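Novice: Show me the folded form of this:
(chains A and B)
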Amino acid sequence: AQKVTQAQTEISVVEKEDVTLDCVYETRDTTYYLFWYKQPPSGELVFLIRRNSFDEQNEISGRYSWNFQKSTSSFNFTITASQVVDSAVYFCALSEAKGNTPLVFGKGTRLSVIA
Amino acid sequence: DAGVIQSPRHEVTEMGQEVTLRCKPISGHDYLFWYRQTMMRGLELLIYFNNNVPIDDSGMPEDRFSAKMPNASFSTLKIQPSEPRDSAVYFCASRSSGAYGYTFGSGTRLTVV
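Specialist: Numbers count the residues shown, from 1 in each chain, chains lettered A, B, ... in the order given. Got it, this is the predicted structure:
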């Protein structure tokens, strides 16, 4: 069965600090997809990234970066030089390729960036 | 593309009333998902459809919940009778098979008083 664990329930940082959000997953499938979504106070789910299980290259997009390590079943998300607008709940999610299974979400990490 | 469209955005109803939530997926997407978000349980899958056929409804909490997809462009989630514990945000999402890109609607915030 699939499972996504986000051990950090809430994180609070001061603006301009770097912050890493942890995500650990469990799956029996060899082909799967990992996702990060952002949910700002307005409530919508904003897609950030999708990563194929065969692609372990780290990815950087502006101030965002993702570290995918199959050896530890982790897909961590780092925000560099955090800003107040980064305050949101961040969700990690998993979808197995076999059977087109739906997204399974972690419980989310609430990030508060204080000015 | 207008994205996944959900209506209403907000719904306040009295306990015991019937509530119907609506979703229009992205044209061409053959998968449709209904999720519920609560503080206690997070984002949980209720049911999903493939080509208008329900594939897995094991997440539907009880018989008071029902979902339909009469055609490729419309789905409903109905709660009858509603209870205060049904208060949550309900999200609809769609995707195309093999694409693995999920598009979520803006959600419906349901409050049952």
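
Novice: and residue 21, what are its bridge partners?
Specialist: I'll assume chain A. Assessed by DSSP bridges, residue A:21 has beta-bridge partners residue A:77.

Novice: should've been chain B
Specialist: Judged by DSSP bridges, the bridge partners of residue B:21 are residue B:77.

Novice: got the contact list for it?
Specialist: Applying CB atoms under 8 Å, 6 or more residues apart in numbering or on different chains to residue B:21 gives the contacts B:6, B:7, B:8, B:11, B:76, B:77, B:78, B:90, B:92, B:108, B:110. Bear in mind the C-beta positions are built from the backbone N, C-alpha and C, glycine included.

Novice: Any figure for the gap between the residue positioned nearest the centre of chain B and residue B:66?
Specialist: Nearest to the geometric centre of chain B sits residue B:34, at 3.4 Å (CA atoms, centre = their mean). Using CB to CB, to the nearest Å, one obtains 11 Å as the distance from residue B:34 to residue B:66.

Novice: list the residues that contact both of those two?
Specialist: residue B:77.

Novice: rewinding a little: inside helices: which ones of the contacts of residue B:21?
Specialist: Among the contacts of residue B:21, no member falls in helices (DSSP state H).

Novice: Just the buried ones from the residues you listed?
Specialist: Buried residues within these, counting neighbours by 16 or more other CB atoms under 10 Å in any protein chain shown: B:6, B:11, B:77, B:90, B:92, B:108, B:110.

Novice: what's the farthest-apart pair in the residues you listed?
Specialist: Farthest pair in these (CB to CB) is B:11 and B:92. Separation: 13.9 Å.

Novice: Tell me where the model's unsure across the chain.
Specialist: You didn't pick a chain, so chain A it is. The model of chain A has pLDDT under 70 over residues A:99.

Novice: I was after chain B.
Specialist: Scanning chain B for pLDDT under 70 picks out B:1.

Novice: Strands along that one, start to end?
Specialist: Counting by DSSP state E, chain B has strands at residues B:5-7, B:10-13, B:19-24, B:31-38, B:42-50, B:53-56, B:65-71, B:74-79, B:88-95, B:103-104, B:108-112.

Novice: May I see those strands arranged in JSON lines, with distance to residue A:91 as well?
Specialist: Listed next are the strands of chain B as JSON lines, based on distance: least, CB to CB, whole Å:
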{"stretch": "strand B:5-7", "distance to residue A:91": "18"}
{"stretch": "strand B:10-13", "distance to residue A:91": "22"}
{"stretch": "strand B:19-24", "distance to residue A:91": "20"}
{"stretch": "strand B:31-38", "distance to residue A:91": "10"}
{"stretch": "strand B:42-50", "distance to residue A:91": "7"}
{"stretch": "strand B:53-56", "distance to residue A:91": "20"}
{"stretch": "strand B:65-71", "distance to residue A:91": "23"}
{"stretch": "strand B:74-79", "distance to residue A:91": "21"}
{"stretch": "strand B:88-95", "distance to residue A:91": "11"}
{"stretch": "strand B:103-104", "distance to residue A:91": "11"}
{"stretch": "strand B:108-112", "distance to residue A:91": "18"}
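
Novice: Among these, which comes closest to residue A:2?
Specialist: Here strand B:42-50 is closest among the strands of chain B (CB to CB), at 10.8 Å.

Novice: Enumerate every residue touching residue B:37.
Specialist: B:43, B:44, B:88, B:89, B:90, B:91, B:107.

Novice: does it have beta-bridge partners, and which?
Specialist: Beta-bridge pairing of residue B:37 under DSSP bridges involves residue B:43, residue B:89.

Novice: try the one 10 residues further on
Specialist: With DSSP bridges applied, the residues forming beta bridges to residue B:47 are residue B:34.

Novice: Please consider this matter closed, and thank you.
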